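Visitor: From the sequence below, what's the structure:
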Amino acid sequence: MEPFVFPNFDPVIFQIGPLAIRWYALAYIVGIVGAWRYGIWLARREPHLVTGQQIDDFLVWATLGVILGGRLGYVIFYQPAYFLENPLEIPQMWNGGMSFHGGLVGVILAMILFARRQGIAFFALADVIATTTPIGLLLGRIANFINGELWGRETDMPWGVIFPFAGPNPRHPSQLYEAFLEGLVLLIVLSLLVLIWRARWRVGLVSGAFLVGYALSRMAVETVREPDSHIGLLFLGSTWGQWLSVPMLLFGVYLIWRAYARPPVAAT
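Guide: Model (predicted):
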């Protein structure tokens, strides 16, 4: 079976004068809108710890947290020396990209500020947001695949893909692995926890499950994903993405334990 030769897609979908719409930007827009609508629907269901209006109001806060946190996270976590020498490139999100871990920190800070302003429990809000987040992860990884970026390591598997800028040998389509695990599978698992097993009654449980699920998915896919060229492999063949996921895993386990150590909330 011949490996699939990936077509060299234009990262720009269409352009009107100086305005260019890119696949990555479209994924962010659709992902945020999808998460927003799903979040409003979830908030209107019991136990009513947050309202649909509050999720609606949080949209702008979440968008700023994702974009600012994701970009600054990439700058700080992956290429601080480069951007220190080229600070004018920091706003150029198409140059280098975004960091999920940075975006997560940005959204967490946005949730802390918003929850205090609204007088609601932080994890009551976080549980709703966590349930919806895999929608953006799914679309973002598909956009990575379309852009032919963040490819995997070389492979002789029959589903290997020859990417335009990754040399002549087939590679793991690790973007699709991540889209499946971090996106589709995690979305289904969290939705089942919320809709079937009433996980929102145990505040913090869904947030913990999201952190554990994402961390395990990312750490697994990192074993076949090509490490960043300027970082390479680390201790015992580990990657920087795996190390960034370790605190998420540990804190997620703690949140799950904490949720079961406390009595469930009463519906309002």
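
Visitor: C-alpha from now on. contacts and neighbour counts both.
Guide: Will do.

Visitor: for the helix or strand hosting residue 192, which positions count as buried?
Guide: Assessed by DSSP states H and E, residue 192 sits inside helix 186-195. For helix 186-195, the neighbour count (16 or more other C-alpha atoms under 10 Å) marks 186-187, 190-191, 193-194 as buried.

Visitor: OK, contacts around residue 172?
Guide: 151-155, 157, 159-161, 224-225 (C-alpha atoms under 8 Å, 6 or more residues apart in numbering).

Visitor: what about it, distance to residue 219?
Guide: Distance of residue 172 to residue 219, computed by C-alpha to C-alpha, to the nearest Å: 15 Å.

Visitor: got it, and residue 205?
Guide: Applying C-alpha to C-alpha to residue 205 and residue 219 gives a distance of 21 Å.

Visitor: Who has more neighbours out of those two?
Guide: residue 205 (27 against 21; other C-alpha atoms under 10 Å).

Visitor: I'd say the more buried one and residue 256 touch.
Guide: Yes. Under the criterion of C-alpha atoms under 8 Å, residue 205 makes contact with residue 256 at 4.9 Å.

Visitor: Let me know the next secondary structure element after the helix holding residue 192.
Guide: Assignment by DSSP H and E places the next element after helix 186-195 at helix 205-221.

Visitor: which other residues reach the helix or strand of the chain with the lowest mean pLDDT?
Guide: Least confident element among the helices and strands of the chain, by mean pLDDT, DSSP states H and E: strand 19-22 (a mean of 76). Residues external to strand 19-22 that are found in contact with it (C-alpha under 8 Å, 6+ apart): 11-15.

Visitor: okay, and for the chain, where does confidence drop off?
Guide: Scanning the chain for pLDDT under 70 picks out 1-2, 93-96, 267-268.

Visitor: Please enumerate the strands of it.
Guide: Under the criterion DSSP state E, the chain contains strands at 4-5, 12-16, 19-22, 161-162.

Visitor: Just name the most buried of these.
Guide: strand 161-162 (a mean of 24; mean count of other C-alpha atoms under 10 Å).

Visitor: still on that earlier bit, now the contacts of residue 172 as CSV including distance to residue 241?
Guide: Formatted as CSV, the contacts of residue 172 follow (distance: C-alpha to C-alpha, whole Å):
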residue, distance to residue 241
151, 14
152, 13
153, 15
154, 18
155, 20
157, 24
159, 24
160, 22
161, 22
224, 12
225, 10
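
Visitor: Sketch out the helices for the stretch 101-250 of the chain, chain order is fine.
Guide: 122-147, 174-178, 186-195, 205-221, 240-261 (DSSP state H, counting those that start in this stretch).

Visitor: Now the spatially most central residue of the chain: closest residue in space, sequence neighbours ignored.
Guide: Nearest to the mean C-alpha position of the chain, by C-alpha atoms, centre = their mean, lies residue 137 at 4.3 Å. Leaving aside its sequence neighbours, residue 137 sits nearest to residue 183 (C-alpha to C-alpha, 6 or more residues apart in numbering; 5.2 Å).

Visitor: again with residue 59
Guide: residue 36 (6.5 Å).

Visitor: Share the number of residues neighbouring the one you found, please.
Guide: There are 23 residues near residue 36, going by other C-alpha under 10 Å.

Visitor: do residue 23 as well
Guide: 22.

Visitor: and if you look at residue 182?
Guide: Residue 182: 26 surrounding residues under other C-alpha under 10 Å.

Visitor: Who are the contact partners of it?
Guide: 134, 137-138, 213-214, 217-218.

Visitor: I'd like to know how many residues surround residue 158.
Guide: When neighbours are counted by other C-alpha under 10 Å, residue 158 comes out with 12.

Visitor: Check the one 5 residues further on too.
Guide: Applying other C-alpha under 10 Å, we find 24 residues neighbouring residue 163.
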